[in-house]
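Asker: Quick one, fold the following:
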Amino acid sequence: MTLRIETRDAIRILTLDRPAVRNAVDPALAQALFDAARAAEADAEVGAVILTGAGGHFCAGFDLRAVAEAGDWIAACAIPPGWADPAAMPLPSPMGPARLWMTKPVIAAVEGHAVAGGLELALWADLRVAAAGAIFGVFCRRWGVPLIDGGTLRLPAVVGAGRAADLILTGRPVDAAEALAAGLANRVVPEGAALDGALDLARQLMRLPQAALRADLLSARMPPAELAARLAREWDSCAALAEGAAGAARFVAGAGRGGATDDGG
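Answerer: Numbering: from 1, shown residues only. Now for the predicted structure:
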């Protein structure tokens, strides 16, 4: 099983469990994440969702082995023409749930690396609790693989256009302290305590009146129709995937293995 699902105190915890590849997401895990997020949204007993990773890392992105070997998955995630309701999107995104319009707060509990598509998953969450050793970054830049799961839309909204351009264009690593200063992380906790910190935060949110909290949360997000339109335009960047496929092939062949950050897309 590559996704662990549990519920504590009405909080649904989704744990990516592919530690050998720093929880890089392959098509099977993306589908499981999509299904689990929809199930949490539909469950009236669930008040908040936490997304985290096993083995000391959040997520190293999309598994570049899957890009090289199963490119049809990416094409199969294309948004249907004219689709205008992300909440009812019938297909998962490449990383799984990034197009879903959740009405319940989602918190990312980040240990270790949240990079490339893993950064996009963290940005899908409303709040991010980062361990002191967490690393964020657009590491797919080095392989020519584009951000195609909402990251180019959500990152500027979270950290501002200038900081987002810096991270997107350079692909440099961002530690927890910088992430907190930039607003990318909402809380920083000691290493190993990200999940506990996220649970504490979720419990705080759930003690508040929920109707107003959820209404304001939805109002603060990008309007669904606009998000759908912008995601559709973002998908046009998939022309760059030819270059990305070549980079993925280099990765699969062993390039970049000397660096501790090259285990996923």
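Asker: tell me what the top helix by length along the chain is packed against?
Answerer: In the chain, ranked by residue count with DSSP state H as the criterion, the top helix is helix 27-42. Counting contacts by 3 or more C-beta pairs under 8 Å, 6 or more residues apart in numbering; DSSP states H and E, helix 27-42 packs against strand 3-8, strand 11-16. Bear in mind the C-beta positions are built from the backbone N, C-alpha and C, glycine included.
Asker: Save those as TSV, and put in mean pLDDT, mean neighbour count and distance to Phe136 too.
Answerer: TSV is the format used below for the helices and strands packed on helix 27-42 (pLDDT from 0 to 100; neighbours: other C-beta atoms under 10 Å; distance: least, C-beta to C-beta, whole Å):
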stretch	mean pLDDT	mean neighbour count	distance to Phe136
strand 3-8	98	14	22
strand 11-16	98	23	16
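Asker: Would you map the helices across this structure?
Answerer: Applying DSSP H to the chain gives helices spanning 27-42, 64-69, 72-76, 117-124, 151-159, 161-170, 176-182, 194-206, 210-220, 224-235, 241-252.
Asker: Reformat these as TSV; add distance to Ala132 and mean neighbour count.
Answerer: Putting the helices of the chain into TSV (distance: least, C-beta to C-beta, whole Å; neighbours: other C-beta atoms under 10 Å) gives the following:
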stretch	distance to Ala132	mean neighbour count
helix 27-42	26	19
helix 64-69	28	21
helix 72-76	34	14
helix 117-124	16	30
helix 151-159	19	20
helix 161-170	20	15
helix 176-182	5	17
helix 194-206	9	20
helix 210-220	27	12
helix 224-235	33	16
helix 241-252	29	18
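Asker: Would you convert those into CSV that also reports mean pLDDT and distance to Cys140?
Answerer: Shown next, in CSV, are the helices of the chain (pLDDT from 0 to 100; distance: least, C-beta to C-beta, whole Å):
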stretch, mean pLDDT, distance to Cys140
helix 27-42, 95, 16
helix 64-69, 67, 8
helix 72-76, 71, 13
helix 117-124, 96, 7
helix 151-159, 93, 9
helix 161-170, 97, 10
helix 176-182, 98, 18
helix 194-206, 98, 23
helix 210-220, 90, 28
helix 224-235, 60, 15
helix 241-252, 58, 8
